[in-house]
Every structure is written in structure tokens, then in C-alpha cells.
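# heads up, no residue letters with this:
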Ligand SMILES: C[S@@+](CC[C@H](N)C(=O)[O-])C[C@H]1O[C@@H](n2cnc3c(N)ncnc32)[C@H](O)[C@@H]1O
Ligand code: SF4
């Protein structure tokens, strides 16, 4: 959903998602090498080849899988994550960027934790931006409060910053974001918007992300107004991902699944409505590097059931990405993705989570 032009400060350009491509071109994030690599990977997928060759075009890197909140459907927040816990070292992050940066069209700097809990995340953003990589971060918004750090984020040229704000009031927000502090998030968001205006910066594209759930669907109107009043660039309504495995998950899911089916990613039998029937674009175009260098095929694998190898100890991401293990998974997904639990949770496309 796009917001109307801000009235408060005419110098601030409200950037629409479709404008992002032009922004990237202007910033020279789209290079010939990056486009050729993406076309090669896409072509391999379309022509039925297993090895995508090259590198992923979209890379999710996990600065940490620790978190300060206890969101009820998140395995990190619930303490049910079966992966080892920790944070990525800056030197290791640099190794990833040095190897894959020339091919990356998009660096997604989060996975199963709160990115700003890693104190080196500011250096990571700056390192990637100096190499002209498109960078996006999603945050629960509690830790980005220090003015110097906010200025660093704005100055770095980071492209997109998502604030997870699933309530337009304290009471509603706290129902899912347990241990959260609504006022602190609002303060931090306000400071960020003001800093961006003061520095007359086009970036970051600031987005409020509102996950539509049963307890907050009545506040959609209110969050639209709040987003407009705050002067952010966009409000995204995201569908909720349910918990399909932990003890008592049915009860929890019933609590959070919205009443209105149009806000759900699931059909009534809890299969995804938006999944591509066969194959998977993600396995040929994107990948995930966890904080310790282990590689997961997709962010729908929090417990690392499909561990593809470790890029730091196995000769880099290129090797892991083109390994027999990765290809075996590509083969299995192509044959019958319904047999794989991770794939039943995922749309199999690179997009497909937004309500509108
Ligand atoms: C695991 S979080 C990590 C980033 C950060 N801690 C945050 O909450 O923004 C990754 C993304 O998942 C979103 N998220 C959390 N719980 C979700 C749920 N049940 N369904 C869909 N998305 C969810 C978050 O809002 C965030 O955008
Ligand atoms: S803030 Fe993000 S990582 Fe932390 S528990 Fe909530 S969804 Fe999970």
C-alpha cells in the first residue's frame, strides 16, 4: 500500500516500490555482471538444469539469531529454535560480501533474530553499501535509538528499513510483540523519519510492516492513519505465518489467524493459497547464510533441517551453492515439493507475502 505524499516536508520524496528500480539504477546497484548472473540462474531454472551456476542474486544474511522480544509465533522469540545461537563476526560478513557482492542484486540483512542486536550491523551495512549493494533490514525497532547510529544508517545509503509494527496502540502491539515497548518503537521511528528529513536523504525507504492477525485486524484503518501521520514511505500489510510444529500450535494458530480470510496466506485446510504448484524459484535465485556461516536453502528452515554446508569451512558460498547436496534438494523439490515440510510453508516464489 502506498501512502499519499507527505505534506510536512516537501523535500522528502515519497518513493514507491516501483521507483526502487530507478533508484538502484541511479545508485549503480544494477551492474552488467549482476544482471548476467541473475539471467544465468533464471535460465538454468527455466531450462531444467540443476546447477544454477554463478551465485545467488538475492542473499539473506543473518547478523544474529538472538532477540530481545518473545513474539509468540517466532521460534527465536519462543526459545524453540533448534539451531545454535550467536552473532556473525564482521570479518566473516566481509568474506561473504567479498565473494558474492559483485553478483548480488539484493542483500537481505536479517533472518531469525533482531539484526540491531549485533553491534557490528552498522559496519556491515556500510561495508555492503560501499560496494553498491542494495541492502534491506527488518527490525522490531527497539534498539535503533541512538542518534549517532540513526545518522550512520541514513548516511550509509541503506536502501530499505522495515519497522515491524503490528499494532496502532500499545495494547494491541503488546499482544504479539511480547516484552516489546510500543512507545519506544514509535519514538525511534519518529527519530529516524526526522533524521532522514534533516539530512535531506532519499534513503532509507522506511516501511511500517503490519502483520495482520486476529487481535489487530480491527486496527488496519488506524495503522494507515498512523503511518501517514508518522511520514513513513509505505505501509505493508503482511499475512501471518503460522506455527505448524511446536507443542500447542493449533491453539496458538487459532488465536492469531485473522477472521477475514482475505488477510490470510492459507486456504481453509491451511495450505498456502499463493504457492506455485511445482518447482521453486528460490532454490535457483536466492540463498541464506546463517550467523555461523552455515547455509540454508530458504528462510522457511529456521531449525536448519536442510543444512547445505558451511561456507566458511567449505571453500565459500559458490562451492556450497553448486554442491551435490544443494542439487539433490533442487532435484527433490522439482520431483515432489509437497513431500517436503519446509516447501509446504513457502510460496516457492521470491515474493508473495503481502495482503495488498
Ligand atoms: C524473524 S523476524 C527478524 C527481524 C526482526 N526481529 C523483526 O521482527 O522485524 C523476520 C520478519 O518476520 C516477521 N514476522 C514475525 N513473526 C511473523 C509471523 N508470525 N508471520 C509473518 N511474519 C512474521 C517480522 O516482522 C520480520 O519482518
Ligand atoms: S522481534 Fe523478530 S526475531 Fe524477535 S521474536 Fe519477534 S519476530 Fe522473532
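On my side now, so go ahead. Since we're looking at a predicted model, the values are computed, not measured. Numbers count the residues shown, from 1 in each chain. Ligands and ions are numbered 1, 2, ... in the order given.
# make it CA atoms for all contacts and neighbour counts henceforth
Noted.
# name the residues of the stretch 51-200 of the chain found near ligand 2, please.
67, 69-71, 74, 76-77, 112-114, 140 (Cα under 6 Å from any ligand atom).
# list the contacts of whichever residue of the stretch 151-300 of the chain sits closest to ligand 2.
For the stretch 151-300 of the chain, the residue closest to ligand 2 is residue 177, as judged by Cα to the nearest ligand atom, at 6.1 Å. The contact partners of residue 177, taken as Cα atoms under 8 Å, 6 or more residues apart in numbering, are 69-72, 166.
# could you do residue 34 as well?
57, 102-105.
# widest-spaced pair of those?
Pairwise distances among the contacts of residue 34 were taken by Cα to Cα; the largest, 9.7 Å, belongs to 57 and 102.
# looking at those two, which one has more neighbours?
Of the pair residue 57 and residue 102, residue 57 is the one with more neighbours under other Cα atoms under 10 Å, namely 26 against 20.
# my read is that that one contacts residue 103, right?
Yes: under the criterion of Cα atoms under 8 Å, residue 57 is in contact with residue 103, at a separation of 6.2 Å.
# find residues that contact each of these two.
By Cα under 8 Å, 6+ apart, the residues touching both residue 57 and residue 103 are 34, 37-38.
# one step back: next step: the residues of the stretch 51-200 of the chain next to ligand 2 restricted to strands.
In strands, judged by DSSP state E, none of these are found.
# filter those residues down to the ones close to ligand 1.
Within the set of those, contact with ligand 1 (Cα under 6 Å from any ligand atom) is found for 74, 112-114, 140.
# pLDDT weak spots in the stretch 251-356 of the chain?
352-356 (pLDDT under 70).
# please apply the same query to the stretch 1-150 of the chain.
1-27.
# quick one: residue 58 from residue 85, how far?
The spacing between residue 58 and residue 85, counted by Cα to Cα, to the nearest Å, is 24 Å.
# the two: which is more packed in?
When neighbours are counted by other Cα under 10 Å, residue 58 and residue 85 differ, and residue 58 comes out ahead with 22 against 14.
# give me the beta-bridge partners of that one?
The residues listed as beta-bridge partners of residue 58 by DSSP bridges are residue 106, residue 286.
# correct me, but it touches residue 106?
Yes: in this structure, residue 58 sits in contact with residue 106. The criterion is Cα under 8 Å, and the distance is 4.8 Å.
# and for residue 123, the neighbour number?
Neighbouring residues of residue 123 were enumerated by other Cα under 10 Å; the total is 16.
# before we move on, which element is it in?
Under the criterion DSSP states H and E, the helix or strand holding residue 123 is helix 121-130.
# hmm, that helix touching ligand 1?
No: interface with ligand 1: helix 121-130 contributes nothing (Cα under 6 Å from any ligand atom), its closest point being 12.9 Å away.
# who does that helix touch, helix- and strand-wise?
Where contact means 3 or more Cα pairs under 8 Å, 6 or more residues apart in numbering; DSSP states H and E, helix 121-130 is packed against helix 90-100, strand 135-139, helix 147-156.
# please, where are all the strands along this protein?
With DSSP E as the definition, the chain shows strands at residue ranges 58-61, 106-108, 135-139, 160-164, 205-212, 234-239, 286-289, 295-296.
# run through the residues that contact residue 121.
63, 115.
# for it, give its distance to residue 200.
Between residue 121 and residue 200 the distance, using Cα to Cα, works out to 23 Å.
# and the residue of the stretch 101-250 of the chain that's closest to ligand 2?
For the stretch 101-250 of the chain, the residue positioned closest to ligand 2 under Cα to the nearest ligand atom is residue 113, at a distance of 3.7 Å.
# related to what we said a few turns ago, could I get the pLDDT score of the residue of the stretch 151-300 of the chain closest to ligand 2?
Residue 177 is assigned a predicted lDDT (pLDDT) of 98.
# please report how far it lies from residue 243.
Residue 177 sits 15 Å away from residue 243, taking Cα to Cα as the criterion.
# try residue 206
The value you get for residue 206 to residue 243, if Cα to Cα is used, is 28 Å.
# which of those two has more neighbours?
residue 206 (23 against 17).
# so who does the residue nearest to residue 340 when sequence neighbours are not counted touch?
If you skip the residues right next to it in sequence, residue 340 has residue 333 as its closest partner in space, 7.5 Å away by Cα to Cα, 6 or more residues apart in numbering. Under the criterion of Cα under 8 Å, 6+ apart, the contact partners of residue 333 comprise 279-280, 340, 343.
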